[in-house]
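Engineer: With the sequence up front, the predicted model follows.
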Amino acid sequence: MGFDNGALRSLEDALQGMLARLDCRCEAESVPLTEALDRVLARDILSPLSVPPFDNAAMDGYAVRLADLAAGAPLQLPVAGKAFAGQPYEGEWPAGHCVRIMTGAPVPPDTDAVVMQEETQASDHGITFLTSPFPGQNIRRRGEDIREGASVLGAGTRLTPRELPLLASLGIATVSVRRPLRVAIFSTGDELKPVGTPLQHGDIYDSNRYGVRAMLARMGIECLDLGIIPDDPAALRAAFLQADREADVLITTGGVSVGEADFTRQLLEELGEIGFWKLAIKPGKPFAFGRLRQAWFFGLPGNPVSAMVTFDQLVQPALARLAGIHFQRPLPLAATVTTPLKKSPGRLDFQRGILSQGPNGLEVRSTGSQDSAVFSSLSRANCYIVLEQARGKVAAGETVTVEPFGSLLL
Ligand code: AMP
Ligand code: MG
């Protein structure tokens, strides 16, 4: 990959460069449908049957043959029998009769239409039809939803409460899914202390690890949490080696900015390869990508906001590729900005914004200070305001692109 000390690389360039090197590394395994929530399909699902599996009534009413209701014929027909869901009518259906039928019941052979109950009148002599039905009316045809053999879900689909009932409707009891990707994480820095311990002067609490852990959990990824590693070459080396042995990926935060990158750089050069990138994005300029002996490496900046932005924009799509998840980029939305935004041309900027519905469409305002150490701006925000690399400061009233936070989750 080669050490890249040159010009800042664009986000798109970095992302494409990374994705081009990454393949899914999770084998397939079989799980029962009841344990398949959030798992990722290893293969396309072809429908083993047609849905619905038989022609059936879409309404409560009466199954009729159109010839029996043809012009001139009486519009009143006696009832030959009843068909319920799960209890088809299998008796005789003499000409000049109708069949009482409930929603979901199979229509008797030769049925031309189902007339809804509200368009009929019942009397001792039979059923009077108040409208003239057209062929196929209120009949759900076999295979109308899904044809036998059709591809229903693609490999890489993450199974949510929307997909599981669909699979069940096809009678599928077990699915082939990818084993979860295994990711080791640690935070680096002599100043970092774990929550639940007192701080000495100069210490801060390690917060990044809780963000990264949570993002991994949301993605259905297994996390090996190696805790806080001090800025000490021997301790870092031991942690890198453990991650390399036990995980598919190592994600660290901190220790990749200018004065600090040396240990990481040396370790990557010794153990694997380095594609050290300084990116033309803000926040998140220092971001490292590389490979250990077998695990991939992502080094996120220590500043909490930078760590989150680089995770969302770079690590999330990369992990999706490694885990075999079909990744869809968030849908960019256009919104009118209601507060001026500071920005200098040169880097793609991910500012934190509050998106709302205004009288004339979507509006977005800044959360205030965009300093990458101001973590509270992230929890006040509900979207990124994405300002193009070449763009300068933005005046209130201009149109900007926003990415709502929820849409980044897989
Ligand atoms: P670094 O990237 O190590 O130079 O860190 C940049 C800034 O982020 C410093 O102010 C660090 O103290 C802070 N920082 C680094 N790691 C963490 C962390 N895990 N949690 C909170 N702040 C951090
Ligand atoms: Mg540090």
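Structural biologist: Alright, I've got the coordinates. Residues are numbered from 1 along each chain as shown. Ligands and ions are numbered 1, 2, ... in the order given.
Engineer: rest of the way, CA atoms for contacts and neighbours
Structural biologist: Fine.
Engineer: average model confidence for stretch 41-53?
Structural biologist: What stretch 41-53 shows for mean pLDDT is 96.
Engineer: can you give me the end-to-end distance of that stretch?
Structural biologist: 24 Å (CA to CA, to the nearest Å).
Engineer: do stretch 145-162 as well
Structural biologist: Stretch 145-162 end-to-end distance (CA to CA) = 15 Å.
Engineer: ditto for stretch 46-62
Structural biologist: End to end - CA to CA - stretch 46-62 spans 35 Å.
Engineer: Show me which residues of it are buried.
Structural biologist: Residues of stretch 46-62 classed as buried by neighbour count (16 or more other CA atoms under 10 Å): 46-47, 49-62.
Engineer: Repeat that for stretch 318-338.
Structural biologist: Quick answer for stretch 318-338 (16+ other CA under 10 Å): 318-327, 330, 334-337.
Engineer: Stretch 339-350 now?
Structural biologist: Neighbour-count burial for stretch 339-350 [16+ other CA under 10 Å]: 339, 341, 343, 346-350.
Engineer: Need the three-state assignment for the residue of the stretch 51-200 of the chain found nearest ligand 1.
Structural biologist: Closest residue of the stretch 51-200 of the chain to ligand 1, CA to the nearest ligand atom: S187 (4.9 Å). Of the three states, S187 takes strand according to DSSP: H, G, I helix; E, B strand; the rest coil.
Engineer: show me what contacts it?
Structural biologist: By CA atoms under 8 Å, 6 or more residues apart in numbering, the residues touching S187 are 206, 208-209, 227-229, 252-254.
Engineer: Try it again at 7 Å.
Structural biologist: 209, 227-229, 252-254 (CA atoms under 7 Å, 6 or more residues apart in numbering).
Engineer: show me which of those neighbour ligand 2.
Structural biologist: G254 (CA under 5 Å from the ion).
Engineer: Spell out which parts of the stretch 251-400 of the chain neighbour ligand 2.
Structural biologist: So the stretch 251-400 of the chain meets ligand 2 at 254-255 (CA under 5 Å from the ion).
Engineer: what stretches of the stretch 251-400 of the chain score poorly on pLDDT?
Structural biologist: Applying pLDDT under 70 to the stretch 251-400 of the chain flags residues 261.
Engineer: Tell me which stretches of it form strands.
Structural biologist: 273-278, 281-282, 286-291, 296-300, 333-337, 348-358, 361-366, 383-387, 399-404 (DSSP state E, counting those that start in this stretch).
Engineer: on that earlier part again, ok, the contacts of S187 vs ligand 2, which is closest?
Structural biologist: G254 (4.7 Å; CA to the ion).
Engineer: For that closest one, which non-adjacent residue is spatially closest?
Structural biologist: G302 (3.6 Å; CA to CA, 6 or more residues apart in numbering).
Engineer: Hmm, S257 and that neighbour touching each other?
Structural biologist: No: counting by CA atoms under 7 Å, G302 stays clear of S257, with 8.0 Å between them.
Engineer: So if I had to pick from these two, which one is more boxed in?
Structural biologist: Neighbour totals were compared for G302 and S257, and G302 leads with 26 against 19 (other CA atoms under 10 Å).
Engineer: Pull the most distant pair out of the buried residues of stretch 339-350.
Structural biologist: In these, the most distant members under the criterion CA to CA are T339 and G346, with 21.3 Å between them.
Engineer: Residue numbers of the stretch 101-250 of the chain in contact with ligand 2?
Structural biologist: Near ligand 2, when you scan the stretch 101-250 of the chain using CA under 5 Å from the ion, you find G189.
Engineer: in the stretch 101-250 of the chain, which spans are helices?
Structural biologist: Shown for the stretch 101-250 of the chain, the helices assigned by DSSP state H, counting those that start in this stretch span residues 163-169, 208-218, 233-246.
Engineer: what residues go with each domain of the protein?
Structural biologist: For the chain, automatic domain parsing gives the domain ranges 11-26+180-323, 30-48+156-178, 56-140, 333-404.
Engineer: Quote the end-to-end distance of the longest one.
Structural biologist: One end of domain 11-26+180-323 to the other measures 21 Å (CA to CA).
Engineer: what does the third one give?
Structural biologist: Separation of the first and last residues of domain 56-140 by CA to CA is 5 Å.
Engineer: Relative to the whole chain's centre, how far out is it?
Structural biologist: 45 Å (CA atoms, centre = their mean, to the nearest Å).
Engineer: Over to the last one?
Structural biologist: Between the mean C-alpha location of domain 333-404 and the chain-wide mean there is a distance of 23 Å, by CA atoms, centre = their mean.
Engineer: That domain and ligand 1, are they touching?
Structural biologist: No: shown here: domain 333-404 not in contact with ligand 1 (CA under 6 Å from any ligand atom), separated by at least 7.0 Å.
Engineer: Show the end-to-end separation of that domain, please.
Structural biologist: 8 Å.
Engineer: The second one too?
Structural biologist: Counting by CA to CA, the length from the leading to the trailing residue of domain 30-48+156-178 is 9 Å.
Engineer: And for stretch 276-283?
Structural biologist: 17 Å.
Engineer: what do you get for stretch 217-228?
Structural biologist: Terminal-residue distance, stretch 217-228 (CA to CA): 19 Å.
Engineer: check whether that stretch contacts ligand 1.
Structural biologist: No: applying CA under 6 Å from any ligand atom, one finds stretch 217-228 separated from ligand 1 by no less than 7.8 Å.
Engineer: can you check stretch 276-286 too?
Structural biologist: No: counting by CA under 6 Å from any ligand atom, ligand 1 has no neighbours in stretch 276-286; the shortest distance is 7.9 Å.
Engineer: can you list the residues of the stretch 101-250 of the chain near ligand 1?
Structural biologist: Residues of the stretch 101-250 of the chain lying near ligand 1 (CA under 6 Å from any ligand atom): 187, 189, 206-209.
Engineer: switch the cut-off to 8 Å
Structural biologist: By CA under 8 Å from any ligand atom, the part of the stretch 101-250 of the chain that sits against ligand 1 consists of 187-189, 191-192, 204-209, 228.
Engineer: which of these has the most neighbours?
Structural biologist: For these, neighbours tallied by other CA under 10 Å; top is S187, 26 neighbours.
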